[in-house]
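[1] got a sequence here, can you model it:
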Amino acid sequence: MTPALQYLDASQGLLNRVRDQLPLIQQAADLFAQTILAGQMVHVFGSGHSRILVEEMWPRYGSFPGFNPIVELSLTFHNLVVGANGQRQAMFLENVSGLANRILRNFDLKAGDSALVISSSGCNVVPVEMAEEFQKRGVKVVGIISTVHSQASTSRHRDGKKLQDFSDIVLDTGAPVGDAMIKIENLDTPVAPGSTVGGCLLVNSIKAEVADRLTKAGQPPKVLTAGAVVGAAKATELFEAAYDEHARRIAPYYAGLGA
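    Below you'll find the predicted structure:
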């Protein structure tokens, strides 16, 4: 079997693992739909490559307002790899205690908000403290981790806590220890990670369930949709309406700061 086929087979295992968690996916969707129907925001955070899942939730085609993507470039800007803004600094900052508190200082969080925090290991300080800070403020947290990888990893949190310790609902990407899924002959280390695949399956399963709940509640979401599907004029109308709604939803989270 070729490495590509091995990866596709392993990805089928991730799909099966996500399918096994449907009851938890439904619970997460119930929580997020309740927040959005109340006119509030689901805050979404991930550092490192978990940023990919933040942007997978919103904004992109097939997504809709109600989610607040919190992306800190100092933790996620990987393009330069080395030098100024390099990966070494990002990985260092990812474990600076107190940074999550400073990030959330920018938002006047509300009772009834909810949050999605993603960290494959569940062990780096900033995502763990982000979930901890959300819970301190009464915000319920859904955590996405890679369970077996997290179990095999050591937390850098001051009390040894992991993301799952500050999560009301925990979902598993299904990725293996170390994330990489494929062994290559005569190569000592495996390649081709799986957490992004499993994470995207989780995020979009939740998103579809939330859209169903909003629509059944009489508040169908304004979905970013390609012109190839609805025509250019309708697509533009949906884009403008969705971004305007996002602006209206996020504005109250800044209005009360320092008051």
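
[2] hey, where'd the helices end up in the stretch 51-200 of the chain?
    51-57, 73-76, 87-93, 99-104, 125-136, 147-151, 195-216 (DSSP state H, counting those that start in this stretch).

[3] format the ones you listed as a markdown table; extra columns: mean pLDDT and distance to Leu15.
    C-beta coordinates here come from the backbone N, C-alpha and C atoms, glycine included. Formatted as a markdown table, the helices of the stretch 51-200 of the chain follow (pLDDT from 0 to 100; distance: least, C-beta to C-beta, whole Å):
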| stretch | mean pLDDT | distance to Leu15 |
| --- | --- | --- |
| helix 51-57 | 97 | 16 |
| helix 73-76 | 91 | 26 |
| helix 87-93 | 92 | 30 |
| helix 99-104 | 97 | 32 |
| helix 125-136 | 97 | 25 |
| helix 147-151 | 97 | 16 |
| helix 195-216 | 98 | 6 |
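
[4] out of these, nearest to Gln26?
    With C-beta to C-beta, the closest approach to Gln26 among those belongs to helix 195-216: 6.3 Å.

[5] check which element follows that closest one along the chain.
    helix 227-230 (DSSP states H and E).

[6] helices and strands around that next one, which ones?
    For helix 227-230, the packing partners by 3 or more C-beta pairs under 8 Å, 6 or more residues apart in numbering; DSSP states H and E come out as helix 232-250.

[7] ok, Val148 to His246 distance?
    To His246, Val148 is 36 Å away according to C-beta to C-beta, to the nearest Å.

[8] and the two? which has more neighbours close in?
    Between Val148 and His246, counted using other C-beta atoms under 10 Å, the more crowded position is His246 (20 against 15).
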